[in-house]
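**Student:** how would this look folded up:
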Amino acid sequence: MTALQKDTLDLLVVTSLPWATITSRDQFGIRFRAQPIRASGEQTRPYDLSITVERDGKVIVKEASQNRMLPVSCPQRHINDGGAFCIGLGADVSVVDIPSAGAWWRTLEVFLTCQETADESGSWPDTLQLSHGDAAEIQLAAEKLAERLGQKYLYELAVAYDEGPIAELCRQVSRITGRLRRKRELCACGYTRNGRVKNRQDCARDNNPCLPVLEARRRREEARFWRQREAKFVCCGTMKVCPLKSRTVD
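**Tutor:** Numbering: from 1, shown residues only. Sure, this is the predicted structure:
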């Protein structure tokens, strides 16, 4: 075990929250029983989990018991191939000090309560949903831009329901140029020059970030993520909506 691995495990031990009872710790990792409190005030089901740390400091958390509560893998429930939890973008490499270790536990807490919702309803909470693979980075960039442009609701509408002006405009994005067609029409995001809204051609020339363009890119990356999995993986059958539904476990 490297010093980095040991330090990361030490940080996670000293910052563990009351709902996480550590049952064992050795040079290979931590094993613990987790039962966070849900918004209803009730505890979740008991999860028997393990934490290991790779040589580069990456934290891996997954179920440790053979009596599993969760699917072995399910992108819709943010469980990677092999059972490792994807608790948040970048969360697996974020534990570097006491505050970040505490934040890691709080992120895991949200993840586990969302698993309860998914188990009961077959859906992941919309407000906590993030795209898969490289599409996640694009989504976060688009959300930040939408916030700055005052179009947060419209962007959320496009992502969650494929509705609204951003959803409509992303279908006008050229796969060749990666920008909106109809160059003479006004900029979709409202960028201005000398007090006037730019046209799309000017926005493209100035390389202005564009919500419909980002959303079109996000959708392409999300589709690519599922194409890479549809030939190799089957659906666990626990979620109402899953692109792998045609390949379900018997």
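**Student:** Kindly state the domain boundaries assigned to this protein.
**Tutor:** 3-123, 135-226 (automatic domain parsing).
**Student:** Select, out of the ones you listed, the one closest to residue 233.
**Tutor:** Nearest of these to residue 233, taken as Cβ to Cβ: domain 3-123 at 6.9 Å. For every residue, glycine as well, the C-beta is placed using N, CA and C.
**Student:** Report how far apart the opening and closing residues of that closest one are.
**Tutor:** 40 Å (Cα to Cα, to the nearest Å).
**Student:** same question, stretch 58-70
**Tutor:** Start-to-end, stretch 58-70 (Cα to Cα) is 22 Å.
**Student:** Dump the domains of the chain to TSV, plus mean pLDDT.
**Tutor:** Formatted as TSV, the domains of the chain follow (pLDDT from 0 to 100):
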stretch	mean pLDDT
domain 3-123	93
domain 135-226	92
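**Student:** mind checking which of those is nearest residue 129?
**Tutor:** domain 135-226 (7.5 Å).
**Student:** that older thread, out of the domains of the chain, which is closest to residue 241?
**Tutor:** Nearest to residue 241, of those and by Cβ to Cβ, is domain 3-123 at 7.2 Å.
**Student:** Quick one: the helices in the protein, in order.
**Tutor:** Ranges of helices in the chain, per DSSP state H, are 3-14, 98-121, 135-149, 152-161, 165-170, 200-205, 211-230.
**Student:** Now do the third one: distance to the chain's middle.
**Tutor:** Taking Cα atoms, centre = their mean, to the nearest Å, one finds the center of helix 135-149 at 13 Å from the center of the full chain.
**Student:** What are the buried residues along it?
**Tutor:** 135-136, 138-139, 142-143, 145-146, 149 (16 or more other Cβ atoms under 10 Å).
**Student:** What of the fourth one?
**Tutor:** Using 16+ other Cβ under 10 Å as the burial criterion, the residues of helix 152-161 that qualify are 154-159.
**Student:** cool, and the last one?
**Tutor:** Along helix 211-230, these residues count as buried under the neighbour rule (16+ other Cβ under 10 Å): 211-222, 225, 229.
**Student:** now the first one
**Tutor:** Neighbour-count burial for helix 3-14, counted by 16+ other Cβ under 10 Å, picks out 5, 8-9, 11-12.
**Student:** Name the residue most distant from the centre of this protein?
**Tutor:** Relative to the C-alpha centroid of the chain, counting by Cα atoms, centre = their mean, residue 194 is the outermost residue, at 39.0 Å.
**Student:** That one: what's it in contact with?
**Tutor:** Applying Cβ atoms under 8 Å, 6 or more residues apart in numbering to residue 194 gives no contacts.
**Student:** follow-up on the earlier one: let's have the domains of the chain in CSV, adding distance to residue 239.
**Tutor:** Below are those laid out as CSV (distance: least, Cβ to Cβ, whole Å):
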stretch, distance to residue 239
domain 3-123, 4
domain 135-226, 13
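**Student:** mind checking which of the ones you listed is nearest residue 240?
**Tutor:** Nearest of these (Cβ to Cβ): domain 3-123, 3.9 Å.
**Student:** What's the end-to-end length of stretch 12-24?
**Tutor:** In stretch 12-24, first residue to last residue: 13 Å (Cα to Cα).
**Student:** what's near enough to touch the residue nearest to residue 169 when sequence neighbours are not counted?
**Tutor:** The shortest distance from residue 169 to any non-neighbouring residue, by Cβ to Cβ, 6 or more residues apart in numbering, is to residue 212 (3.7 Å). By Cβ under 8 Å, 6+ apart, the residues touching residue 212 are 166, 169-170, 172-173, 180, 188.
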